[in-house]
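K.L.:
Mind looking at a prediction? Sequence and model below.
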Amino acid sequence: MDILTLIGICIGIGAILGGNLLEGGHLGSLFQPTAFIIVMGGTLGAVAIQTQKHIFIGSFKALIWVFIPPKTSGHSIIEKIVNWSQIARKEGLLALEALVESETEKFSAKGLQLLVDGSEPEIIRQILEVEMATQEHQYTQMAKVFEGMGGYSPTIGIIGAVMGLIHVMENLSDPSKLGSGIAVAFVATIYGVGLANILFLPFANKLKQVAHDQLLNYEMIIEGVVSISQGENPRSIESKLQGYLH
């Protein structure tokens with residue numbers, strides 16, 4: 001669990017609600033279901049229009065990474081690759097075939113399979129780099145979904161505020177309703193700007209950070225697998241990969 005994400009959300013929302021209370025406002029005035037529906041519905045609709053279906057769905061599945069990042073660490077990857085190199089050095093590359101099916105991480109399994117197949121080092125590097133580039137593009141597109149939401153929600157919030165003001169103008173004959181009506185209208189703007197800057201844009205940036213760590217792991221795997229195919233010493237491979245941890 002990424003506790004810093006939870007702390008950040010609590011601080012951001014708490015500061016807004018606390019500031020409202022200090023100004024003499026009431027929490028109930030900030031909870032307007034209609035405004036929320038307008039902002040969230042309009043934002044999701046706009047992003048859905050500009051995004052492909054699999055990216056749109058994948059981005060919300062990947063949202064779990066904001067709170068629970070992937071557990072794979074650089075140290076465990078190095079340990080795994082050094083183990084591969086020791087097996088290959090003692091028993092040959094074909095001995096790694098037994099590890100292919102038990103490898104749960106697809107990228108690692110593909111690298112192992114290329115080793116077992118006896119592919120040339122440069123071929124292995126090219127194939128895995130294409131795979132990594134594809135993953136990088138997918139990660140980037142998923143982050144852009146939340147960047148798009150961060151861009152659209154403030155504007156949708158303004159639309160909600162204008163709609164609320166239109167409703168107020170329709171009731172000018174009753175001055176007692178004007179003050180509360182205008183206040184409710186501007187809640188949509190708060191939702192739009194608040195969601196963009198406290199949730200959507202930070203989510204996008206956190207996904208980029210997680211993606212960067214994943215791609216760095218892929219780079220380590222590529223370098224390790226290529227080094228094994230070139231017959232390098234396990235200790236040399238370990239020393240080389242240790243550089244990625246810094």
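P.N.:
Thanks, I have it.
K.L.:
what's the spacing between residue 16 and residue 191?
P.N.:
Distance, residue 16 to residue 191, by C-beta to C-beta, to the nearest Å: 11 Å. Backbone N, C-alpha and C define where each C-beta goes, glycine included.
K.L.:
More neighbours: which of those two?
P.N.:
residue 191 (25 against 13; other C-beta atoms under 10 Å).
K.L.:
quick one: contacts for that one?
P.N.:
Going by C-beta atoms under 8 Å, 6 or more residues apart in numbering, residue 191 touches 32, 35-36, 39-40, 153, 157, 160.
K.L.:
May I see those residues organised as a markdown table, with neighbour count added?
P.N.:
Formatted as a markdown table, the contacts of residue 191 follow (neighbours: other C-beta atoms under 10 Å):
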| residue | neighbour count |
| --- | --- |
| 32 | 21 |
| 35 | 24 |
| 36 | 15 |
| 39 | 31 |
| 40 | 16 |
| 153 | 27 |
| 157 | 26 |
| 160 | 28 |
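K.L.:
Show me which pair in those residues is furthest apart.
P.N.:
In those, two members sit farther apart than any others by C-beta to C-beta. They are 32 and 153, at 15.1 Å.
K.L.:
continuing past the biggest helix by length in the chain, what's the next helix or strand?
P.N.:
Once the chain is assigned using DSSP state H, the helix that runs over the most residues is helix 121-169. Counting by DSSP states H and E, the element after helix 121-169 in chain order, helix or strand, is helix 178-195.
K.L.:
So which bits of that following helix are buried?
P.N.:
Going by neighbour count (16 or more other C-beta atoms under 10 Å), the buried part of helix 178-195 is 181, 184-195.
K.L.:
out of these, who's nearest residue 73?
P.N.:
Nearest to residue 73 among these, counting by C-beta to C-beta, is residue 195 at 32.6 Å.
K.L.:
contacting residues for the closest one?
P.N.:
By C-beta under 8 Å, 6+ apart, the neighbours of residue 195 are 39-40, 43, 149, 153.
K.L.:
and the residues you listed as TSV, adding pLDDT and distance to residue 98?
P.N.:
Shown next, in TSV, are the contacts of residue 195 (pLDDT from 0 to 100; distance: C-beta to C-beta, whole Å):
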residue	pLDDT	distance to residue 98
39	93	54
40	95	50
43	96	50
149	97	46
153	96	51
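K.L.:
Export those as TSV, with columns for distance to residue 22.
P.N.:
Below are the contacts of residue 195 laid out as TSV (distance: C-beta to C-beta, whole Å):
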residue	distance to residue 22
39	25
40	27
43	29
149	29
153	25
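K.L.:
Could you work out the most separated pair of those residues?
P.N.:
Of all pairs drawn from these, the greatest distance, 10.2 Å, lies between 39 and 149 (C-beta to C-beta).
K.L.:
Domains in the protein, by residue range?
P.N.:
Recorded structural domains for the chain (assignment: automatic domain parsing) are 1-31, 33-245.
K.L.:
one step back: okay, who's weakest in the buried residues of helix 178-195 by pLDDT?
P.N.:
Among the buried residues of helix 178-195, residue 181 carries the weakest pLDDT, at 68.
K.L.:
Buried residues of the helix or strand hosting residue 21, list them for me.
P.N.:
Following DSSP H and E, one finds residue 21 within helix 3-22. Buried positions in helix 3-22, judged by neighbour count with 16+ other C-beta under 10 Å: 5, 9.
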